[in-house]
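J.: Here is a sequence with its predicted model. Questions after.
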Amino acid sequence: MPAFMTLYDESIDPTNRDFYAPGFELRIDGVGLPKGVLRDVMEVTYHDDINEIDGFELTVNNWDATARRCKYIGSEGAKQTQGGRQPEGGANASKLFTLFDPGGKTAELALGYSGNFETMVRATFTTMEPNFPESGPPVLTVRASNILKSLRTKQFTGAWTNQTPSDIALNFNTLRNGSQPRLPSPWKIVTDDQAASSEDEIEYVAQKNQYDIDFLLQLAHGQGYTLEADEDAKELRFGPSLSSMPTNYQLEWGKGLMSFKPSLATANQWKSVTVRGWDRQSQKPIVVKIGQDDPQVKKLNRNLQSLVPDRQEQTVDLPVFTVAEAKQRARAIMLDRSKEIVTAHGKTVGLPKLRAGTLVSIQGIGSRLSGTYFVTKTTHTLGENGYVTEFDCRREDLGAGGASS
């Protein structure tokens, strides 16, 4: 079982009073925001998802009450965005008018407490969305996406069997079908040798009509890894975070866990899955059935499996050509389905290291629902109400019968 840290464990936060001093850092092309701009930031929101590229959003006050004009967009003249002389507001005003422009600027966001910040993402600005309301001052919303988004080229389908995550990732340094590069040149995958040496093989994993970069992100998050881009070296680093290892938290309702809303659903659960294919060598059909008595399947959320309807079975036709491959596919389908028996949405005090792909042990909500959850999505919001983290998760408990309340 993975190790979990309680919210107030000294190894996480030696001085709990720091939770009262949340903050953020934003560097644009390596330069921090001026104090005047920092004061204009009304809210910062970071989001990530195991199936999507992460990013962040800023809500900024766009009104200069002294000069009676917009600060960042809405009052600029043609010269002020094209590098000409600036008769009104001077050079500083011109810099503000172009500060958040979408394009090639790199923005690095960090969140945390009392000067102890955790880097969340390196991104590029993609959208400026000013709002000139009927009442109240103008505001500006700025959105940025992880720089990995630029590596989305074409969607593909494929599969790997009995390979470690790092081995699968390194496959993307090779040519597809001997001719087409998997990643845009000169980008390449770099793995962590130490982490790779302790990885277990994955019986079966599929890339289903996905961009290569999206599949790699999903693979990394599933392992508790990150996929970090080094623009200078043109490397994608697949492995544990360069800044810190992912943290698995233990949260208890009423003690740091502000709210938790689980959904226990059995309508889409199956007692068994039958995969049918065709053996080309023997010219005979392949039929393999995997049920809840499978050694790997029965360990997952075992205290809830009795709730699955007895007659709920599923048969699928897949392009499998051996019995072993059919068994791997059937087991993978059953495991994926079992992971969805309990899904939930939670809210806690802001935890920068609580990210998609990490684990969280939920306690204090009864034996059937307490246990280990895999985080699939997070939203970190820092605003006038402080810093909070909301997360979506699914129960992936391997205990003997769930945690106690």
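T.: It's in.
J.: Give the closest residue to V342 in space, chain neighbours not counted.
T.: Nearest non-adjacent residue to V342, counting by Cβ to Cβ, 6 or more residues apart in numbering: R395, 3.7 Å away. To be clear about C-beta, it is placed using only N, CA and C from the backbone, and glycine gets the same treatment.
J.: where does the residue nearest to D200 when sequence neighbours are not counted fall, phi/psi-wise?
T.: Residue nearest to D200 in three dimensions, not counting chain neighbours: T164, with 6.9 Å by Cβ to Cβ, 6+ apart. Here is the backbone geometry of T164 (degrees, to the nearest 10): phi -80, psi 160.
J.: quick one, what contacts T164?
T.: A196, E199, D200, E201, I202 (Cβ atoms under 8 Å, 6 or more residues apart in numbering).
J.: if we go to 10 Å?
T.: For T164, the contact set (Cβ atoms under 10 Å, 6 or more residues apart in numbering) comprises L170, T191, A195, A196, S197, S198, E199, D200, E201, I202, Q223.
J.: Return the per-residue confidence for it.
T.: For T164, the pLDDT comes out at 94.
J.: repeat for H345
T.: In this model, H345 carries a pLDDT of 98.
J.: Ok, A159 next?
T.: 87.
J.: So F97 lies in a helix, does it not?
T.: Yes. F97 forms part of a helix when assessed by DSSP: H, G, I helix; E, B strand; the rest coil.
J.: so how far is T141 from it?
T.: 16 Å (Cβ to Cβ, to the nearest Å).
J.: More neighbours: which of these two?
T.: The residue with more neighbours, out of F97 and T141, is F97; 21 against 18, by other Cβ atoms under 10 Å.
J.: which residue sits closest to that one, ignoring its sequence neighbours?
T.: Nearest to F97 is E76, by Cβ to Cβ, 6+ apart, at 4.1 Å.
J.: where does the stretch 51-200 of the chain dip in pLDDT?
T.: Confidence mapping of the stretch 51-200 of the chain against pLDDT under 70 gives the ranges 78-93, 178.
J.: can you rerun that using 80?
T.: For the stretch 51-200 of the chain, applying pLDDT under 80 flags the ranges 77-94, 104, 115, 177-181.
J.: In it, mark out all the strands, start to finish.
T.: 52-61, 63-64, 69-70, 106-113, 116-131, 139-146, 155-163, 175-176, 180-181, 188-191 (DSSP state E, counting those that start in this stretch).
J.: Using CSV, please lay out those strands together with distance to E390.
T.: As requested, those are exported to CSV (distance: least, Cβ to Cβ, whole Å):
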stretch, distance to E390
strand 52-61, 14
strand 63-64, 29
strand 69-70, 32
strand 106-113, 14
strand 116-131, 15
strand 139-146, 18
strand 155-163, 29
strand 175-176, 38
strand 180-181, 38
strand 188-191, 32
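J.: what's the helix or strand for A220?
T.: helix 212-222 (DSSP states H and E).
J.: Show the average pLDDT along that helix.
T.: Here the average pLDDT along helix 212-222 is 88.
J.: Now do it: which elements does it pack against?
T.: strand 41-49, strand 52-61, strand 155-163, helix 165-170, strand 202-211, strand 226-230, strand 235-239, strand 371-383 (3 or more Cβ pairs under 10 Å, 6 or more residues apart in numbering; DSSP states H and E).
J.: and the angle for it with strand 139-146?
T.: Per axes from the mean of the first three to the mean of the last three Cα atoms, to 10 degrees, the angle that helix 212-222 makes with strand 139-146 is 90 degrees.
J.: Tell me what angle helix 212-222 forms with strand 235-239.
T.: Using the same axes, to 10 degrees: helix 212-222 against strand 235-239 is 30 degrees.
J.: Return the set of buried residues in helix 212-222.
T.: Within helix 212-222, the residues that qualify as buried are D212, I213, D214, F215, L216, L217, Q218, L219, A220, H221, counting by 16 or more other Cβ atoms under 10 Å.
J.: next one: stretch 252-263
T.: E252, W253, G256, L257, F260, P262.
J.: same question, stretch 140-150
T.: L140, T141, V142, R143, A144, S145, N146, I147, L148, K149.
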